[in-house]
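> Okay, here's the prediction I keep looking at, along with the sequence it came from:
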Amino acid sequence: MTEITVNSTICGFTHKIRGSMKGDKIIVDIETPCEKIKKFSHMEIPMMETLDIKNNYVIDRAQEAQCSSNCLVPCAVLNLCKLESGFMAKSLAKKAGSISIEFNNT
């Protein structure tokens, strides 16, 4: 089981994303106050449909829910999928602690 917290400071929402590998799918649940994210808050994601950005299960669900292109949740879900499927080491994620975007000189 992997758990990720997304602090979307621009829109003011905090999202809890939890997921675990079951067979060849990653089961993901998102606890969120955002109505758009709620539209895809439970997914059974085929592991092999997260590798490419163009034909990507998570990005397709976010697009269907009309998420903003700067929404951090789809990216966080993809990172969770990489962790659960073993394509990214959990020790690396733990060492990094977080990922951030800083707006400099705006």
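Right, received. Where do you want to start? Numbers count the residues shown, from 1 in each chain.
> Dead centre of this structure: give me the residue that sits there.
When the chain is reduced to its mean C-alpha position, the nearest residue by Cα atoms, centre = their mean turns out to be residue 77, at 1.5 Å.
> Skipping adjacent residues, who's closest to that residue in space?
If the residues on either side of it in the chain are set aside, residue 77 comes closest to residue 58, at 5.0 Å by Cβ to Cβ, 6 or more residues apart in numbering. The C-beta positions use only the backbone N, C-alpha and C, and glycine is treated the same way.
> The one you found falls within a strand, correct?
No - applying DSSP: H, G, I helix; E, B strand; the rest coil, one finds residue 58 to be helix, outside a strand.
> got a list of contacts for the lengthiest strand in the chain?
Secondary structure assigned by DSSP state E gives strand 13-22 as the longest strand of the chain. Outside strand 13-22, the residues within contact range by Cβ atoms under 8 Å, 6 or more residues apart in numbering are 1-8, 26-34, 37, 47, 73, 76-77, 80-81, 84-85.
> Quick check: the gap between the residue nearest to residue 38 when sequence neighbours are not counted and residue 75.
Excluding its sequence neighbours, the residue lying closest to residue 38 (Cβ to Cβ, 6+ apart) is residue 32, at 6.0 Å. As for residue 32, its distance to residue 75 is 15 Å (criterion: Cβ to Cβ, to the nearest Å).
> before we move on, what about residue 26?
Counting by Cβ to Cβ, the gap from residue 26 to residue 75 is 15 Å.
> same question, residue 95
Distance from residue 95 to residue 75, counting by Cβ to Cβ: 19 Å.
> Which one's more surrounded, those two?
The neighbour comparison of residue 95 against residue 75 (other Cβ atoms under 10 Å) goes to residue 75, with 15 against 8.
> Buried ones in stretch 85-96, by neighbour count?
By neighbour count, and taking 16 or more other Cβ atoms under 10 Å as the criterion, the buried residues in stretch 85-96 are 85, 88, 93.
> picking that back up, my read: the residue nearest to residue 77 touches residue 80, true?
No - counting by Cβ atoms under 8 Å, residue 58 sits too far from residue 80 to count as a contact (9.4 Å).
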